[in-house]
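1. what's the 3D shape of this:
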Amino acid sequence: MTKNHKMYYKSTLLVVFLLGLSFILGSLALATSVSRMSLVNLEGFPGKTIEQEITLEGTDPEERSGFWYTNYKKMEGDNDRMDITSWITIEPKDYTIKQGETRVFTVKVKIPGNAGLGLWGATSEEAAKEGHSGERRTYIVFKDAIGEGNVYSGLLLPISVKVLKSPNPLAPALNFVKQNIVAIALSIVIIVLLAVILLKRRKEKKAG
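-> Numbering: from 1, shown residues only. Reported below is the predicted structural model:
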C-alpha cells in the first residue's frame, strides 16, 4: 500500500468514525429534553424542605423508560458539606415517556435541623456557570433507554443549597410595632388617660 493510499484509508476511517459519533450523540441528545440544567443555590432554613419541579419531554420516536437517582462526585479535600445526596428525593423515581409527552418530577430537599449556615453541595455559588464544573459535587441524574434496552442516555444536573438563618418567629409582630409606633404610642396614652379619669370618678363617687 502506498503512502497516499494509507493516508486516504486513515482519512476515510476518521470520517466514518466522526459521522458515527455524531449520529450517536445526536440520537442521545434527541432522546429526552429537560426543562432545567441545574438546581444550584437553592435557599432554605434548617429543618425545612425545599421543593422544585423539573419537566422531561420525550423527543424520541420510541417510548423510553428511565429513572432518577442522586450522585456525589468525591474530590480530594472535600468536607462533609459536599455530599447532600441523603437530603434529596425525586418523585416519581421511575418513568416511561413517549414522543411529545411530558412528565413533571418533584425534587424535594429536606435540610437537616442541625445543618450549619452557608453553601452545601458545591464549593462555590458559581457552580452552575460554564467553566465551573470543578466546583460541583452533588448531582441529581436522570437516565433513560429505549424500551427494555440497556444503552442509557441522560444528564447530570448539579444541585446545591444555601442554608439560611431561621427567621425570628416574633419578626412579624416586631415589624408591625416598628411601622405603627406613633399610632401605638398615642393609643397607650389615651388608654392611660381614660384609666386615670375613671379612677378619679370612682374616688369622687365614694367620697360623695
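
2. run a quick neighbour tally on Ser124.
-> 15 (other C-beta atoms under 10 Å). In this view, the C-beta of every residue, glycine as well, is placed from N, C-alpha and C.

3. no, scratch that, I was asking about Gly118
-> 10.

4. again with the one 3 residues further on
-> Using other C-beta under 10 Å as the criterion, Gly121 is surrounded by 27 other residues.

5. so who does it touch?
-> 40, 81-84, 137-138, 158-161 (C-beta atoms under 8 Å, 6 or more residues apart in numbering).

6. how much space is there between the closest residue to Glu63 other than its chain neighbours and Leu193?
-> Nearest non-adjacent residue to Glu63, counting by C-beta to C-beta, 6 or more residues apart in numbering: Lys98, 4.8 Å away. Noted for Lys98: a distance of 76 Å to Leu193, by C-beta to C-beta, to the nearest Å.

7. same question, Val182
-> Distance from Val182 to Leu193, by C-beta to C-beta: 17 Å.

8. so for Thr32, what's the pLDDT?
-> If you check Thr32, the pLDDT there is 86.

9. likewise for Leu193?
-> 86.

10. and the residue positioned nearest the centre of the chain, what does it touch?
-> In the chain, the centroid-proximal residue (C-alpha atoms, centre = their mean) is Leu39; its distance is 3.6 Å. Going by C-beta under 8 Å, 6+ apart, Leu39 touches 52, 54, 107, 140, 157-160.

11. can you show me the strands along the chain?
-> Shown for the chain, the strands assigned by DSSP state E span residues 32-34, 39-44, 49-58, 64-72, 88-91, 94-97, 102-110, 118-120, 138-146, 153-163.

12. dump the ones you listed to a markdown table, plus distance to His132.
-> Below are the strands of the chain laid out as a markdown table (distance: least, C-beta to C-beta, whole Å):
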| stretch | distance to His132 |
| --- | --- |
| strand 32-34 | 19 |
| strand 39-44 | 10 |
| strand 49-58 | 20 |
| strand 64-72 | 17 |
| strand 88-91 | 21 |
| strand 94-97 | 30 |
| strand 102-110 | 21 |
| strand 118-120 | 13 |
| strand 138-146 | 14 |
| strand 153-163 | 9 |
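
13. right, I'll leave it there.
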